[in-house]
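Asks: attaching a predicted model along with its sequence, questions to come.
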Amino acid sequence: MKDTDQSIYENETWLELSDCTLCPRECHVNRNAGETGYCGQTARLSAARASLHFWEEPCLSGKNGSGAVFFSGCNLRCVYCQNHEIAQGKGREITASRLSDIFLELQERRAHNINLVTPAHFVPQIIIALQTAKKQGLSIPVIYNTSAYEKVETLHRLEGLIDIYLPDLKYFDTALSESYSHAPDYFETASAAIAEMIRQTGAPVFADGEDSLMLRGVIVRHLLLPGCGKDSRRILRFLHETFKNDIYVSIMNQYTPLSQVSGIPPLNRRISDKEYGRIVDFAIRIGIENGFIQEGETAAESFIPPFDCEGV
């Protein structure tokens, strides 16, 4: 029987999704009945791509690639979203059973890890899929790749299933987070979520050997946005002073202005080399040692994969 058969979907209901409060939006919609909240998704799992991905931090991508599963929908939906197509819902519906199989298929392709991209609104289904896959031999690390706009209570449910957390910390300033992501509570929410992620994983652990792949821990990403240098410095100082060497920090210059921001300055331009250099120099000056920086032409649409439902 195929995953698209109606009878399979009718057997997949999730108590938490009858009155959904999984994320900080707390929409209280009945996703089992086909209703959608801010994330735009019903209770049916949807993904737009499952493949080897080579554009994560080196300790995650390694030589073979990260086994990335890009889920449809998003609970943040930034105006400049780099994955705009899938944030708006593009993808293919699958069952939790099929998701479990996808994890195992990626492992068979020698992925270094399973990389759950924008997973917050599908946590109940992902838990079942991971538990099933682990019983069937899934042994590589699992990454939870998120905007960090997460409820601590939801993250609690993932303890023991997630090895590596890969959250963003996008904004410090409330006005920016409200304007760009419709989330004035972003910093307070995300910083609490990151603290919970660190509690679960502990200090970073890497494998021995040439690749030095990450096995456990937290990497906090910060994507530089044009005209937001002051906010970036506040974020980096906060991360360093609060979490010190319990995390790695990834300072990203790959912001790509897509068509939806063509009329919204300063978001309609890329980050200059000078802007990026200043932020990197600042990070070094305040004492950040555990970190990743990007070099070369990373701000290009080629770093945004085709969301063509490959592997789904």
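Replies: Cool, got the structure.

Asks: which stretches of the stretch 201-312 of the chain form helices?
Replies: Taking DSSP state H, counting those that start in this stretch, the helices of the stretch 201-312 of the chain run over residues 229-243, 273-286.

Asks: in the longest one, what counts as buried?
Replies: Same thing as helix 229-243. Under the neighbour-count criterion of 16 or more other C-beta atoms under 10 Å, helix 229-243 has Gly229, Asp231, Ser232, Arg233, Ile235, Leu236, Arg237, Leu239, His240, Phe243 buried. Bear in mind the C-beta positions are built from the backbone N, C-alpha and C, glycine included.

Asks: contacts for it next, please.
Replies: 169, 171-173, 176, 191, 194-195, 198, 220, 222, 224-225, 247, 249, 251, 275, 278-279, 282-283, 286-288 (C-beta atoms under 8 Å, 6 or more residues apart in numbering).

Asks: just to revisit the earlier point, of the helices of the stretch 201-312 of the chain, which is nearest Thr256?
Replies: For those, the distance to Thr256 is smallest for helix 273-286, at 13.9 Å, taking C-beta to C-beta.

Asks: could you dump the buried residues of helix 229-243 to JSON lines with pLDDT?
Replies: Below are those laid out as JSON lines (pLDDT from 0 to 100):
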{"residue": "Gly229", "pLDDT": "97"}
{"residue": "Asp231", "pLDDT": "98"}
{"residue": "Ser232", "pLDDT": "98"}
{"residue": "Arg233", "pLDDT": "98"}
{"residue": "Ile235", "pLDDT": "98"}
{"residue": "Leu236", "pLDDT": "98"}
{"residue": "Arg237", "pLDDT": "98"}
{"residue": "Leu239", "pLDDT": "98"}
{"residue": "His240", "pLDDT": "98"}
{"residue": "Phe243", "pLDDT": "97"}
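
Asks: about what we covered before: just the buried ones among the contacts of helix 229-243, please.
Replies: Buried by 16+ other C-beta under 10 Å: 169, 171-173, 176, 191, 194, 198, 220, 222, 224-225, 247, 249, 251, 275, 279, 282-283, 288, out of these.

Asks: how near is Ala190 to Glu153?
Replies: Applying C-beta to C-beta, to the nearest Å, the value for Ala190 to Glu153 is 15 Å.

Asks: who's more crowded, those two?
Replies: Shown here are Ala190 and Glu153; by other C-beta atoms under 10 Å, Ala190 has more neighbours (27 against 10).

Asks: contacts for the strand or helix carrying that one next, please.
Replies: According to DSSP states H and E, Ala190 maps onto helix 186-201. With C-beta under 8 Å, 6+ apart as the test, helix 186-201 has contacts from 24, 76, 144, 146-152, 155-156, 158-159, 162-165, 167-174, 177, 183, 216-218, 220, 238, 242-243, 246-247.

Asks: this completes my enquiry, with thanks.
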